[in-house]
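A.B. asks: turn this into a structure:
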Amino acid sequence: MIDILTISSDPAHASAVARIVEAGGSHHRIRTSTAGLLDLCTDKEALDGVDLLILDGAHLTQQDFDALLAIATKHADLTCMLLTPSPSTDLLIRAMRAGVRDVQPWPADPEDLRRAVERIATKTNGTRRDGRVISFVSCKGGSGTSFLAANLAFAASTSGKRALLIDLNQQFGEAAFLVSEATPPATLADVSAQIERLDPAFFEACLTRVSDSFDVLAGAPDPARAKDIKPEHLQRILNLARPQYDLVIFDIGQSISNVSIAALDQSEYIFPVLQLSLPYLRGGRKLLEIFRSLGYRGDKVRVLVNRYEKKGPVGLSELEKALGLRVASVIPEDEASVSASINQGVPILRLARSSGVAKGLSELVRSLSPPPAAERSNSILQKFFSRPALSRV
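C.D. replies: You can find the predicted model right below:
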């Protein structure tokens, strides 16, 4: 999964490209803009976190080619794809010299364009971490959301992934203490208050290190501090964190706000957490209605049942019928192991690795592993420059 920015002076054109890419079901994060290339050069944050720039090349000027070269020089990890209705030899050469690495015809064959994007995604993910983002949301207080988010991050770190937990719970966020006894050096509110200082070194200094491959950005210590966190702060933090981690997990808590919606928008999967009882069922239905109003796809929302018991007051089939969604994951009841883990501030996979909860979390980590992307290219640029040279007479 990669971050894609499509730019065109024609909003309908940019939106059409986005729809083609999204129809492939690859869950790439894609946004559109009417900004010009010169605007991207002067805006310091415009290309933060962008892996692929898809450019409408219908009316390129020499200034545009100069701007492309400046962008390619400044953002070495960025791949630029040019869409053009008339890919002449001169245009292809100028595009290559300006740093363009892929040229596709427009109007495009949807399958060819999606394959080209997947080829770039495969190459990009081979040179940096995947940076997948997921969120845990509580359908009702006491569902165990923070415990699951923190311990899933630890479980991911034991399977060869680098994981980051961001505590976005606006009511006394204490997720860090579920997996560590260390006092956090800083919180999400502290980082937001000094967002202009944000760089890799500053960010690392603010994290709670649980293990070599698991970090926590602690939550705001109180609701008043939580109000200082803005959606744009969260976006800048994500832009920095994604290339450094395989998995970024948000503990949203129960509050739906502009900040939590910003996290949910960026998430590949959202896990509403509930238990098998009528109060949780009612809360789950309300939460799913909010998700539908926000335009989230059905396959983005994955219902997670915590503290599952076969003889509970509500069965899984009844829950699925009431919610209109299948249950994606189930974590069994194990009060003794969970209580010991919480009281000691030790991840449950360290304390009770053979418990049903630990096994359920490990299975959830495996379910998040992305399928391998197919490698195939139909780039005009590649085809042009791979042609055999013409012999001179």
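A.B. asks: can you tell me the element Phe172 falls in?
C.D. replies: Using DSSP states H and E, Phe172 is not contained in any helix or strand.
A.B. asks: what's the local residue count around it?
C.D. replies: 12 (other C-beta atoms under 10 Å). No exception for glycine: its C-beta is placed from N, CA and C like everyone else's.
A.B. asks: Val346 - nearest residue in space that isn't next to it in sequence?
C.D. replies: Excluding its sequence neighbours, the residue lying closest to Val346 (C-beta to C-beta, 6 or more residues apart in numbering) is Val179, at 7.3 Å.
A.B. asks: my read: that neighbour touches Asn151, true?
C.D. replies: Yes - between Val179 and Asn151 there is a contact under C-beta atoms under 8 Å: 6.8 Å.
A.B. asks: between these two, what contacts are shared?
C.D. replies: Residues touching both Val179 and Asn151 (C-beta atoms under 8 Å, 6 or more residues apart in numbering) are Pro347.
A.B. asks: next up, the contacts around the residue nearest to Val346.
C.D. replies: Val179 is in contact with Ala150, Asn151, Ala153, Phe154, Leu165, Val210, Phe214, Val216, Gly345, Val346, Pro347, counting by C-beta under 8 Å, 6+ apart.
A.B. asks: neighbours of the residue lying closest to Phe154 once chain neighbours are set aside, how many?
C.D. replies: Excluding its sequence neighbours, the residue lying closest to Phe154 (C-beta to C-beta, 6+ apart) is Pro347, at 4.0 Å. Neighbours of Pro347 under the rule other C-beta under 10 Å: 27.
A.B. asks: contacting residues for the closest residue to Gln170 other than its chain neighbours?
C.D. replies: Closest residue in space to Gln170, ignoring its immediate chain neighbours: Ala226 at 4.0 Å, by C-beta to C-beta, 6+ apart. Taking C-beta under 8 Å, 6+ apart as the contact definition, Ala226 lies against Gln170, Gly173, Ala189, Gly219, Ala220.
A.B. asks: adding distance to Arg285 and neighbour count, write those out as TSV.
C.D. replies: Shown next, in TSV, are the contacts of Ala226 (distance: C-beta to C-beta, whole Å; neighbours: other C-beta atoms under 10 Å):
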residue	distance to Arg285	neighbour count
Gln170	23	24
Gly173	26	27
Ala189	32	21
Gly219	27	28
Ala220	29	23
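A.B. asks: between those, which sits nearest Pro279?
C.D. replies: Gln170 (21.3 Å; C-beta to C-beta).
A.B. asks: just checking, the closest one touches Asp222?
C.D. replies: No - the criterion here is C-beta under 8 Å, and Gln170 misses it with Asp222 at 9.2 Å.
A.B. asks: quick one: contacts for the residue most central in space within the chain?
C.D. replies: Nearest to the mean C-alpha position of the chain, counting by C-alpha atoms, centre = their mean, stands Val133 at 3.1 Å. Under the criterion of C-beta under 8 Å, 6+ apart, the neighbours of Val133 are Leu238, Arg242, Val248, Ile249, Phe250, Ala263, Gln266, Ser267, Glu268.
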